[in-house]
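Asks: Just the structure for this:
(2 chains)
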Amino acid sequence: MKLFGRDKGSSGEILSGGESAIANKEVEGLSQGQIVRRRFFRHRGAVIALFVLTSLIVFVMSALDTKIGALRIPGWWKWTVEDIPELRYEDCPGGTTGCPTLSLNPSGAFGLGTHPFGQDDIGRDYFALVMNGARRSLMIMFVIGAVSGFIGVVVGSIAGFYGKRVDAVLMRLVDFIQTVPGIIIAAVIGKAAGRVGPLFLALFLGLLGWTGLARLVRAQFLSLREMEFVDAARVAGASNVRITFKHILPNAIGQIIVVITLIMAGAILTETALSYLGFGVVAPDVSLGLLISQYESAFTTRPFLFWWPGFFIISIALCVNFIGDGLRDAFDPRQKRRITKKDRLKAKVDIKAGR
Amino acid sequence: MLSYIMRRIGVSIVILFGSSFLVFNLAAYASDPLAELRLSTDDGARQQIIALTRDLNLDVPPPIRYFLWLKGVLGLFVGNLNLGMTREASSVQEELGYAIPVTLRLVLVATFTALILGMAFGIISALRQYSRFDYGMTFLAFLLYSLPIFWIAVLLKEFMAIQFNNFLANPDIPISWMVLASIFTGVFWGALFGGERKRFWSIFAGAFATNLLVLWAINLTDWYLNPGLGPILVGLLSGGLAIGVTSISTGVENKPARNAALSMAALAFLSYYPAQWVFNNFGSYLTIFLLIVLIVLTGIALSKIFSKIDRGPIARTAIITGILSGFLILTDRVMQSWAGYMATDAVNGRPVPTYGQRKDQLVTDDFWLNNLDIISHLVLPTLALILISLAGWIRFTRGSLLEVLNQDYIRTARAKGLNERTVVTRHAFRNMMLPLSSLFVGEVLGLISGAVITERVFGWQGMGTLGIKAINSYDLNLLMGVNLLLSILVVLGNLIADLLYSVLDPRIRLGK
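Replies: Now for the predicted structure:
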């Protein structure tokens, strides 16, 4: 086995000695965080998605005015949701009104124009409406992710760490919540919560969405707490809290983050679906699902009212999904880099040279 | 095992009580069924309030009213189920009785199509890991994951129904579309089979030419106005299916299996005209069932004719070929009703509907027309559901198969000289199914909530529409009926998933 340099030569690795030499060399002397970061940035789709999502959030958040208490940060877009400018009639195809002025024709009127996404039926600027809706949807997504993530991790860790009776009781609670059909309960709450506002709706959806994560964290804790390093920590006199936070959670964090991204991607779809059915965000509040629902019937005559909110929903969900996939690959210890032809060649040269 | 099942059922019943109690009270306190009537100044409103309060026991506080409702549910055990009355004073059971088959039809068809397609794509994706096909499928899966179902449903309505119907009024495919579609098909098949560049281009050329030819022929003969396959095409396609099924099921080098499958295809070709007679005179579900039985018996007989040993796989190959060929003949028969269906007053030349699960105006005894009506209404909602659930199956199957292919027993199987087909279909495929079986139940349940939205977009009168109606009109009994059914499905589904797992995987023993 000396031939392969640093290969530890476990029985399973003999056949792929050359490849594991590459893999070992790659992570040599790096901390866990560095390894994960490197692997993540090698996932091209995830990096692009991260970039797109970040720019999208900045774009959406800065477009309109932001009010924090008395403080008011002005947005860069000229219209707001409250403005009702005059409806455009001129040069719209087929006698429709408020058609979009966005033009990508380089020879013609290239540029945004006054209403790039068009206007709704009473003349409100659709760009402002979509931005406002995207903002609301993003907020709901993050709140659901945070609430579900927090509850899921806490319940799962307690159940997995203490096991036995505590575990049995908590897992029946999970069963119980799973039995309550999510969409119905969310709709009932949503119907009542429409008057309370979208934040309340997000909190409630978060309270229902943590069960899968809790099961996963519990399973991780059940297997990790039997590990030798946990015994070692206990023998060294570490408290339960220290063992949980310093020894077990860091080992489970990868899967937890991945599931939370999945919850978030699902959350934005759940919110839009509920708003579409009329049980989520209700007018005068704006969300992407609500916009689609309002202008569903206008699709034949004014399709832009339908395309833009959909485009934003899909972009956000797609980015979150890709980031989740990148994180999964990055945290997976078994995930090896794809061995390219170049790597094989290099390994061969290395082996021949006895390095 | 039995004690385990009993214990699980016991726990489930307790959970069902708890969750229905929770939902009942939550819904009762969150909504006031009389709010609208109270605001009304009409004299009749007072009467209505009194009547509703009496019928629905609204004067009883919700926690206690729950037990009145529960008494009706428990009546099930003495053969007297009573889920209460809706606001319109009709029975909840009856409403559910109409709605359940509608939703089931939608969910079952979508589930099985998505399962088969998703598994096929997932398996190929995993076998060609890191190929262009794999990357394409991964992207497709993520894209489908991120699509809101109502959005895709509205698009389908616009482009597959309204525009397609417009197209049918004057059917003519522009040549540019034909070429584009053919390029797409060529790339798809080329990437699917993979291999060296030369192989890719030859497959691409073949698929491109075939597709172009077929589209051209379709366009020339106005096939979509009067579709059908005809005996020749049925025979050719059956022969192709026979080879295809054999090469996956036993490998074409297995001579008896190949011969049995080809004979089955020949029989399908020969039985084309007799089948027409049977279909025209005895069109019913019973006939179709009997024909399937006949195919199975024929398959077994063929395996006896062609081999003395190892008849199981041969019979299997022949039966699968027979059922697929039979399906072709059946499809052909349904297609023959197309022109008649288009001409009826109810359809009037616009066959793809955007609304409802049946055409009420279509009154006919014809078995084929009725089925064509069901199918044409089923197409779009099912397609929407398939699209969103396909992503999950592609990803699960791919991940699961990759996991299995890294196991030691796969290496052993390869090392002892088995060919790749046997390794994949015998050793990998069966083990890959284990984790999928436990996901199946969850996926179906997820699909039901997707069905709620699909029903709303396409105006189907199913469970989802009923649930939405119940929430909107504060109809507590109706809501509880829908809720009870869904909760029972979840509980049963989880139980079945666990049992299935222990049956399929001998390493897992429940309750010990």
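Asks: Mind telling me which residue of chain A is nearest chain B?
Replies: Distances between chain A and chain B by Cβ to the nearest Cβ are smallest at A:Ala317, namely 3.5 Å. For glycine as for every other residue, the C-beta is placed from the backbone atoms N, C-alpha and C.
Asks: gap between that residue and A:Gly278?
Replies: Using Cβ to Cβ, to the nearest Å, A:Ala317 is found at 21 Å from A:Gly278.
Asks: so where is the stretch 201-350 of chain B shaky, pLDDT-wise?
Replies: Judged against pLDDT under 70, the stretch 201-350 of chain B has no low-scoring part.
Asks: which residues sit in contact with the residue of chain A closest to chain B?
Replies: Shown in contact with A:Ala317 (Cβ atoms under 8 Å, 6 or more residues apart in numbering or on different chains): A:265, A:268-269, B:145-147.
Asks: repeat that for 10 Å
Replies: By Cβ atoms under 10 Å, 6 or more residues apart in numbering or on different chains, the contact set of A:Ala317 is A:137, A:141, A:264-269, A:272, B:142-143, B:145-148.
Asks: Select the longest helix from the chain.
Replies: The chain I'm using is chain A. helix A:126-162 (DSSP state H).
Asks: nope, chain B please
Replies: Assigned via DSSP H, chain B shows its longest helix as helix B:367-405.
Asks: and that one, does that touch chain A?
Replies: Yes: using Cβ under 10 Å from any Cβ of the partner chain, we find that helix B:367-405 touches chain A at B:388, B:391, B:395, B:399, B:403.
Asks: Buried among these? Make that a PyMOL selection.
Replies: With 16 or more other Cβ atoms under 10 Å in any protein chain shown as the criterion, this PyMOL line picks the buried residues out of the residues of helix B:367-405 next to chain A:
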select buried, chain B and resi 388+391+395+399
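Asks: sorry, back to before: could you pull out the buried residues of the helix or strand following the longest helix of chain A?
Replies: Using DSSP states H and E, the helix or strand that follows helix A:126-162 in sequence is helix A:164-179. Neighbour-count burial for helix A:164-179, counted by 16+ other Cβ under 10 Å, picks out A:167, A:170-171, A:173-179.
Asks: Show me what helix A:164-179 is packed up against.
Replies: For helix A:164-179, the packing partners by 3 or more Cβ pairs under 10 Å, 6 or more residues apart in numbering or on different chains; DSSP states H and E come out as helix A:126-162, helix A:198-208, helix A:211-224, helix B:2-30, helix B:476-504.
Asks: and the angle from the last one to helix B:2-30?
Replies: So the one you mean is helix B:476-504. Interaxial angle of helix B:476-504 relative to helix B:2-30 (axes from the mean of the first three to the mean of the last three Cα atoms, to 10 degrees): 150 degrees.
Asks: pLDDT score assigned to residue 74?
Replies: I went with chain A, as the question did not name one. We have a pLDDT of 76 for A:Pro74.
Asks: wrong one, chain B
Replies: Looking at B:Leu74, the pLDDT reads 81.
Asks: Quick check: which element contains it?
Replies: Per DSSP H and E: B:Leu74 is located in helix B:62-74.
Asks: I'd like the next helix or strand past that helix.
Replies: Downstream of helix B:62-74, the first helix or strand assigned by DSSP H and E is helix B:92-127.
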